[in-house]
Every structure is written in C-alpha cells, then in structure tokens.
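In: everything below, folded, please.
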Amino acid sequence: MTAVSDNRAATLDQQELVRKLAAPDDAEVASLDAWWRANNYLTVGQIYLQGNPLLREKLTSEHIKPRLLGHWGTSPGLSFVYAHVSRLIKQTGQQAIYLAGPGHGGPALVAAGYLEGTYSEVYPKVGLDEGGLLRLLRQFSSPGGIPSHVSVTTPGSIHEGGELGYVLVHAFGAVMDNPDLLAIAVVGDGEAETGPLEGSWKGVSFINPEHDGAVLPILHLNGAKIAGPTVLARKDPAEVRRLFEGHGYDVIEIEGSDLPGMHHRFAAVLAEAWGKIRSIQSEARGGTWDGSRPRWPLIVMRTPKGWTGPEKIDGITVTGTWRSHQVPLSGVKGNDDHLAELEKWLRSYKPEELFDASGAPAQIIRDLAPPGDLRMSATPHANGGLLTSDLDLPDFRDYAVDVKQPAQGRAESTRKLGEMMRDIYSRNPDSFRLFCPDETNSNRLGAV
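Out: Numbering: from 1, shown residues only. The predicted model follows:
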C-alpha cells in the first residue's frame, strides 16, 4: 500500500471514529450521566458535609460543616466537560490535559480525580470507601486540608486558576513541541473579561500543527460572575461568534440544560472539534499542508450557572444567576428549611445508585475512566518530574567579560546572556525554547 493509500485509510478510520464519538448509545449516555451526577454530588458534599457522606441517614445540622466555603456555580459545567473528554480519551487513546480556567471550581476537579481513582493512589488515606469519602469531604477548604481552588495538591493540574486570566497561556505552553497532547482549556465568562485572557486568544497563531499539540478552548458562558452578569454572555451569539472567528477560530456552539439531550449534543460537538484537530494535524504531518495558518476549533458552551442546583432559595432565583457562584444555601445550621433544601438537592443526584455498599464509586462510574496514565488526573504531562530531562548547558564562566581595568570598557550583561542562550539552543535543538514575541532584540538577546 502506498503512502497516499495509507493516509486515505487513516482518514477513513478517523471519520468512522468521529461518527462513533458523535453518537453515544444509551449505555454510554447512562455512564456519562452517572459519572456527572456523582461528581456533582461530591462537589456539593465537599462544600457542605462533615458527616453522613452517603446520606444513609436523615441529614441533620451535625452533619454540616461549621463554616461553608467553596464555589458551586461553575463546577457542574467543569465536570460535564470532564466526563465527555474522558469518554473521548477512552475511545481514541488521545493524550489530554485539563485546565480549569475557573479554578474556583476546585471541588469538581478534586472529585474527578477521586472518581478516577487517582486521588486515592496519590493520597492513600483518602480511600475508595466510605471512610475515605468522608475524609475527602472534610478536608476541603478546611485547616490542615486542601484549598478551595484547583491547587498544586490536585492531581493532573498545572493551572491553579485562583488568579483568573492565564488558562490559555498555560494551555498553549503545554502543547508547544508536544505533538501528541491535547489541552482542554475551559475559560469562564468572568475570566474572559480579564486583560490577560483577552490577549491570550491570539496564542492560536503560534501553534504549528507539524510539531505542536493542540489547544481546544471551551468558552463556558453561564451568564454570571461572582456578583453580576458578564459581558460575553449578554452579547448576541452572532457577535460573539464573529469575535472569535476574527481571532482565527472555527467556532462550534452548544446551548441548553435539558437532559439527556445535552449529553447527546455535547458528544457530537466534542467529536466534531476533535475530528477537525486531527484532520489539521494529519494534513500537516502527512506532507499535504500548504503552510497556511489553520482555523482551530473553539467550543462556546452556554449552560446555566449552578446547573442542577436549587432553582430558587427563599423565593429568590439562584440557578442561572450570580447567586449560585459560591455557596447558594447559606446558614444551613439552624435553618431547617435550608437544611431540608440541601438534603433534597443532594438526594436529587441519587447517591444510592452511584456508590456501592462499601462507599466506592459504582462500576458504571469506574467504567468511564480511561486506563492508567490516560486519565487526565494521572497524566504525566502534569508531572514535570516524570518528563523533564536535563539541558546540556555550557559553562557560564565562558561568557565572562574580561575586565582589564575598572570603568574603562563597555559591555551589556544581557548581550552575553543572549550569546549563552544561543549556544543552549545549538546544544539542545529539541528541548529548549525562548518565547518572546516582540522584544528579543530590544532586550539585547539578539544573538539567539
């Protein structure tokens, strides 16, 4: 078979795989939904519970943490995307890393690592049983526990997210010279209003499909930030689409909250985006690319803020508003109505279907996880110690300025640094990069 025939066969195989990804059967949708419900349950549990982790008895005030701290609003969207990307990875073998721009959705990513089993591997005391689950809930945002954000303690994370605006910078950096990696970068619509993020959309112009991986930005427009509406969520969708098309993206949109419809539609959208990425890369690496800059896909996902949470609390609308951003139900201790509402909320996820008698995630949930290092919470790409190698560095003393007499000669330290960096490039052609879009020469690094 010729190379052309090989490429054609690979293209046909990829098209068939995309069609399969775009049309999950009932069993796959059931698994996706069970995993998502389990993640939502654990997210709410981390914010509220210090006892009764599986609701095997009636919820009482003693089961509620004395101080409630965390962020609910963005979490269900983050975990929804995570579930679907996990299915994609399992079916394609795609290496992927997940970067949560709304890093305050920390409990969702902690829950994801727990459901994949990675969290218990890293932290054996947080086991896959009722005792480990209770420890998982109690430690969240507690003294001696873990932060409320996607922190360095979260397996699979290279992006903390507590300071908004940098998710795309980190995502683009992760895939440069890393051809097999796909970075899923979820951008919150509050984050999208920051200066760093507004500038970062242009990073797509620096991605070379021959030797770089790909970034799939998912702009999660849920309508509100911490204390008010957001700009992009209030713009006409056509205007938003034109904005990102102007940046060079191929925009794919999805909107809704209906279930299971959203599972079917997002599976199709994700399959379409992945198929376009693979086609761009296959063309570039197969010798048929004309060198023009590709239009990489970008997903705009519109779902309600606080999706699946209480619609109203004390007669005031919460879901779809900024009121769901942090802790929607406050003052649960001592407020019987709020306590009852919290129990109703938690039980809406049907935890009895999601965890077995020992407290471990049910088989339908474990089945969604990709194997081993393909789990996003276990990816080696989020653990530099597993992948880094030492640079071949010249002796810095070789670049010393010969000072024969004080205050007689002129030299610039940064020019000497440029010479050293030039030689580091020569000695490490595949493992050293300087990313300086504009000021390399004016910063006296011109020798590079």
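
In: can we go C-alpha only for contacts and neighbour counts from here?
Out: Fine.

In: just for the stretch 1-150 of the chain, where's the confidence low?
Out: Within the stretch 1-150 of the chain, the ranges that satisfy pLDDT under 70 run 1-12.

In: and the helices in it, which stretches?
Out: Using DSSP state H, counting those that start in this stretch, the helices of the stretch 1-150 of the chain run over 3-22, 26-48, 75-92, 106-115, 118-122, 130-139.

In: mean neighbour count, those helices: which tops it?
Out: With neighbours taken as mean count of other Cα atoms under 10 Å, those reach their highest mean count in helix 106-115, at a mean of 29.

In: which residues are in contact with it?
Out: Here helix 106-115 makes contact (Cα atoms under 8 Å, 6 or more residues apart in numbering) with 35, 39-40, 42-43, 46-47, 70-71, 75-76, 78-79, 82, 119-120, 128, 140, 147-151, 154-156, 361, 365-366, 377.

In: next, the angle helix 130-139 makes with it.
Out: If you take axes from the mean of the first three to the mean of the last three Cα atoms, to 10 degrees, helix 106-115 sits at 160 degrees to helix 130-139.

In: and the longest helix anywhere in the chain, what does it pack against?
Out: Determined from DSSP state H, the single longest helix within the chain is helix 261-285. Helix 261-285 is packed against helix 3-22, helix 26-48, helix 75-92, strand 250-255, strand 297-302, with contacts defined by 3 or more Cα pairs under 8 Å, 6 or more residues apart in numbering; DSSP states H and E.

In: off-centre distance for the third one?
Out: A distance of 10 Å separates the centroid of the chain from that of helix 75-92, by Cα atoms, centre = their mean, to the nearest Å.

In: packing partners of that helix?
Out: Secondary-structure packing of helix 75-92 (3+ Cα pairs under 8 Å, 6+ apart): helix 3-22, helix 26-48, strand 95-100, helix 106-115, helix 261-285.

In: now those in a markdown table, with distance to residue 167?
Out: Formatted as a markdown table, these follow (distance: least, Cα to Cα, whole Å):
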| stretch | distance to residue 167 |
| --- | --- |
| helix 3-22 | 26 |
| helix 26-48 | 22 |
| strand 95-100 | 7 |
| helix 106-115 | 14 |
| helix 261-285 | 19 |
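
In: quick one: closest of those to residue 237.
Out: helix 261-285 (16.8 Å; Cα to Cα).

In: show the backbone phi and psi for residue 362.
Out: phi -60, psi 160 (degrees, to the nearest 10).

In: what's the pLDDT at the nearest residue to it once chain neighbours are set aside?
Out: Among residues not flanking residue 362 along the chain, residue 355 sits closest, at 4.8 Å (Cα to Cα, 6 or more residues apart in numbering). If you check residue 355, the pLDDT there is 97.

In: number of nearby residues for residue 355?
Out: For residue 355, the neighbour count with other Cα atoms under 10 Å is 20.
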